[in-house]
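Enquirer: What shape does this take:
(2 chains)
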Amino acid sequence: MRHEKTAGQRIYKTIAYIVCVFLTILSIIPFWIMFVNATRSTPEIQQSAISLIPSKYLQNNFAVFEGKSFDPLVGFLNSLIISVGATTLSIYFSSLTAYALVAYQWRLRQPFFAFIMAVMMIPTQVTSIGFYQMMYRIGWTNSFLPLIIPAIASPAIVFFMRQYLLGALHLDIINSGRIDGAGEFHIFNRIILPIMKPALATQAIFAFVANWNNFFMPSILLTDRAKHTMPIMVSQLRGDIYKTELGSIYLGLSLTVLPLFIVYFALSKYIIAGVALGGVKE
Amino acid sequence: MRRKGVSYAKYGYIFSIPFVLAYLAFNFLPTLYTLILGFTDMKGLGKTDFKFLDDIFQNFKLILRNPSFITSIKNTLGIWIANFIPQILLALLLTAWFTNNRNKIKGQGFFKVVFYMPNIITAATIAILFDAIFSYPTGPMNSLFQFFGLSETPIFFLINKNTTRGIVAFIQFWMWYGNTMIVLIAGVLGINPELFEASEIDGATSRQTFFNVTLPNLRTILLYTLITSLIGGLSMYDIPRLFQNGGPDNATLTITVFIYNQAFQGSYLYNRAAAASLLLFIIIALASSFIFFILRDKDAIALRKMEKKLRKEYKKAQKSKGGVV
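Expert: Next up, the predicted model:
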């Protein structure tokens, strides 16, 4: 091991740290401005829109929301119902599908997996017109069902779960369950799901965040104000009602970011590990 | 060896049923319905009846001749390129720094968490936040310009087409470089460490190791990043729609914003929107099949082929043996 540092190495490290610190500031500053301005009054923001110190108008800014389209509590609850419902369905049924792909030898197994791989990347936007029209026909607009039930078929999560099971599942475990006389469905629920806990947790975080942040489909389907989700409510902060209430705009934005920040900083270790895992798809 | 007892193969089918049903109902049928609508006269709010057009490709012809659609394709590709090139370069640079064992950067865990952070925040929120940051005549960016003496009078940033396009590209870059970096670092950690040891023994510099060992071994992951980013970029909606609603003067009108405007604004042209969706679908399907081709499991295919061959030879051997005896 060499310990002496050359001048070149010192310059290299200095540049690397300067860039990293700059990027850190770049990541934090927009949110910093947002949180601080959420506590300031409109005249204060108009005078100088950047301040590092919070002011004392948080309650005034909050009072502006009363009786208007941005209702943080309703938005929060609606988003929560959709996100929890869709996340639960997607991770349970994706695990079941992945188990079918890994544990059993069946004729259509390989074609089925190829199909999942092929449709994995198709974004919802390209089929949204037909989806909207179908939901309109069966009267499912202004309902949470079309945002929850389709999660049963989540090709990307099936793919991830399959990769995990290939490494974690031993056929002995299944066989010992069978010898004990357990049915196949029982084996999946009682023996396989507990084995998959780490993968379930990782995918649950990502599915939850993705559903929470989803804007396109909910904004088309949910026109009733009482059904609006958090991102739809945020989109209305651009409207004319809030033009003169700058502090309230920042507060509204802060309220949507806060729960995500809490989730992120509590689980960042798992999230970063999950991103890394998702990328190595070989 | 013959296995005795029951066959479990049917459970493979049974356990796949929920997925298949949900896929058929909520993905396949809507896709088919979008396809059909593209050839019909379906338009107007609340209408559900339609008939096929006399000129069956009329919607497609009109869309392809629509200057806004052409603009939206150009904008989408332009914004994607302006975001992807700096994004992949910065991600590669950070990957090189963070995986360099000779000059370890401290606080990597912290930097990763902070760089990835914008990615999990609601895109709708980020679009509105940046609209507020660049607001005119007073706003954080104008305050910053005044503080550094860059401009005497307030600047109306979002009236300039290129500035607005640039900001959309920047937001995409800012939200995604951390994700790309983590994926690439994971890729580097997956490379056989013996390769790095060998290059160190050979006396290669950090730079030589990065360009001659790391980069070539990252090929598949780089390709994966490229394709997923391209597909995401082609369907970019939340940011351009909520930042300036495609403006100013269609400068940030993307393909999906165009589709939305056709279907849910003005005269509710669901048929035109469906035709435009199909054109987008074709582009994305081509990209998807490309990724499927590139990322197919080569080892497994080779293994299956080998197994087949061995089985054949074994049978042949059995037969010839039988002949002798």
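Enquirer: contacting residues for residue 235?
Expert: No chain specified, so I'll use chain A. A:215, A:219, B:124, B:128, B:242 (C-beta atoms under 8 Å, 6 or more residues apart in numbering or on different chains). In this view, the C-beta of every residue, glycine as well, is placed from N, C-alpha and C.
Enquirer: Sorry, I should have been clearer: chain B.
Expert: A:123, A:125-126, B:255-256, B:280, B:284.
Enquirer: and if you look at B:Thr122?
Expert: B:Thr122 touches A:212-213, A:215, A:230-231, A:234, A:256-257, A:260, counting by C-beta under 8 Å, 6+ apart.
Enquirer: These: which ones sit near chain B?
Expert: A:212-213, A:215, A:230-231, A:234, A:256-257, A:260 (C-beta under 8 Å from any C-beta of the partner chain).
Enquirer: Kindly present those residues as TSV, with separate columns for pLDDT.
Expert: Converted to TSV, the ones next to chain B among the contacts of B:Thr122 look like this (pLDDT from 0 to 100):
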residue	pLDDT
A:Trp212	94
A:Asn213	94
A:Phe215	94
A:Met230	93
A:Pro231	93
A:Val234	90
A:Thr256	89
A:Val257	91
A:Leu260	92
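Enquirer: any idea how far B:Glu313 is from whatever residue of the stretch 151-300 of chain B ends up closest to chain A?
Expert: Closest residue of the stretch 151-300 of chain B to chain A, C-beta to the nearest C-beta: B:Val183 (3.1 Å). Per C-beta to C-beta, to the nearest Å, B:Val183 is found 42 Å from B:Glu313.
Enquirer: Which one of the two is surrounded by more residues?
Expert: The neighbour count for B:Val183 versus B:Glu313, taken as other C-beta atoms under 10 Å in any protein chain shown, is higher for B:Val183 (24 against 10).
Enquirer: The more buried one: helix or strand, and which one exactly?
Expert: helix B:161-189 (DSSP states H and E).
Enquirer: just to revisit the earlier point, out of the contacts of B:Thr122, which end up buried?
Expert: Buried by 16 or more other C-beta atoms under 10 Å in any protein chain shown: A:212-213, A:215, A:230-231, A:234, A:256-257, A:260, out of the contacts of B:Thr122.
Enquirer: Buried residues of the lengthiest helix in chain A, list them for me.
Expert: Scanning chain A for the longest helix, with DSSP state H as the assignment, gives helix A:246-279. For helix A:246-279, the neighbour count (16+ other C-beta under 10 Å) marks A:246-257, A:260, A:263-264, A:267-268, A:271-272, A:274-279 as buried.
Enquirer: so how far is stretch B:111-128 off the chain centroid?
Expert: On the basis of C-alpha atoms, centre = their mean, to the nearest Å, stretch B:111-128 sits 17 Å off its chain's mean C-alpha point.
Enquirer: Need the distance between the two termini of it.
Expert: 26 Å (C-alpha to C-alpha, to the nearest Å).
Enquirer: buried stuff in that stretch?
Expert: Applying 16+ other C-beta under 10 Å to stretch B:111-128 flags B:111-128 as buried.
Enquirer: same question, stretch B:81-96
Expert: B:82-84, B:87-88, B:90-92, B:94-96.
Enquirer: Farthest-apart pair in the contacts of A:Ser235, please.
Expert: Greatest spatial distance among those (C-beta to C-beta): A:Ser219 and B:Ile128, at 13.4 Å.
Enquirer: returning to what we had before: nearest to A:Ala38, of the buried ones among the contacts of B:Thr122?
Expert: A:Val257 (9.9 Å).
Enquirer: Make sure the closest one is actually in contact with A:Trp32.
Expert: No: applying C-beta atoms under 8 Å as the test, A:Val257 and A:Trp32 come out as separate, 11.4 Å apart.
Enquirer: Which residue, other than its chain neighbours, is closest to residue 107?
Expert: As the question left the chain open, I've gone with chain A. Sequence neighbours aside, B:Ala9 is the residue nearest to A:Arg107 in space, at 7.5 Å (criterion: C-beta to C-beta, 6 or more residues apart in numbering or on different chains).
Enquirer: please go with chain B instead
Expert: B:Gly107 sits nearest to A:Cys20 (C-beta to C-beta, 6+ apart), 7.7 Å away.
Enquirer: in what helix or strand does that neighbour lie?
Expert: Counting by DSSP H and E, A:Cys20 is part of helix A:7-37.
Enquirer: Rounded mean pLDDT for that helix, please.
Expert: In this model, helix A:7-37 has an average pLDDT of 93.
Enquirer: Which elements pack onto it?
Expert: helix A:246-279, helix B:67-98, helix B:108-116, helix B:123-133, helix B:161-189 (3 or more C-beta pairs under 8 Å, 6 or more residues apart in numbering or on different chains; DSSP states H and E).
Enquirer: Can you lay out those helices as TSV showing distance to B:Leu215?
Expert: Listed next are the helices and strands packed on helix A:7-37 as TSV, based on distance: least, C-beta to C-beta, whole Å:
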stretch	distance to B:Leu215
helix A:246-279	16
helix B:67-98	8
helix B:108-116	20
helix B:123-133	31
helix B:161-189	10
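Enquirer: From what I see, B:Val168 and B:Pro248 are in contact.
Expert: No: between B:Val168 and B:Pro248 there is no contact under C-beta under 8 Å: 11.8 Å.
Enquirer: So the two - more neighbours on which side?
Expert: Remark: of B:Val168 and B:Pro248, B:Val168 carries more neighbours, 25 against 16, as counted by other C-beta under 10 Å.
Enquirer: so what's the more buried one up against?
Expert: B:79, B:239-240, B:243, B:252.
Enquirer: now swap in B:Phe39 and tell me
Expert: B:52-53, B:56-57, B:59, B:271, B:275.
Enquirer: mind checking how far A:Gly139 is from chain B?
Expert: Distance, A:Gly139 to chain B, by C-beta to the nearest C-beta, to the nearest Å: 11 Å.
Enquirer: How far off centre is the helix holding B:Val183?
Expert: 12 Å.
Enquirer: do the same with stretch A:253-267
Expert: 11 Å.
Enquirer: contact partners of that stretch?
Expert: Taking C-beta under 8 Å, 6+ apart as the rule, stretch A:253-267 contacts A:31, A:34-35, A:38, A:72, A:75-76, A:205, A:208-209, A:212, A:230-231, A:233-234, A:237, A:271, B:113, B:117, B:120-122, B:124-125, B:128-129, B:132.
Enquirer: how about 7 Å then?
Expert: A:31, A:34-35, A:38, A:72, A:205, A:230, A:234, A:237, A:271, B:117, B:120-122, B:125, B:128-129 (C-beta atoms under 7 Å, 6 or more residues apart in numbering or on different chains).
Enquirer: just the CA coordinates of that stretch, formatted as CSV?
Expert: Taking C-alpha atoms only, stretch A:253-267 is exported to CSV below (Å, rounded to 0.1, in the frame of the first residue of the first chain):
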residue,chain,number,x,y,z
LEU,A,253,-46.0,22.0,-2.5
SER,A,254,-44.3,21.4,0.8
LEU,A,255,-47.2,19.4,2.1
THR,A,256,-47.0,17.0,-0.9
VAL,A,257,-43.2,16.6,-0.5
LEU,A,258,-43.2,16.1,3.3
PRO,A,259,-44.6,12.6,3.4
LEU,A,260,-42.2,11.5,0.6
PHE,A,261,-39.2,13.0,2.4
ILE,A,262,-40.1,11.1,5.6
VAL,A,263,-40.5,7.9,3.7
TYR,A,264,-37.3,8.5,1.8
PHE,A,265,-35.0,9.4,4.6
ALA,A,266,-36.3,6.6,6.8
LEU,A,267,-35.8,4.0,4.0
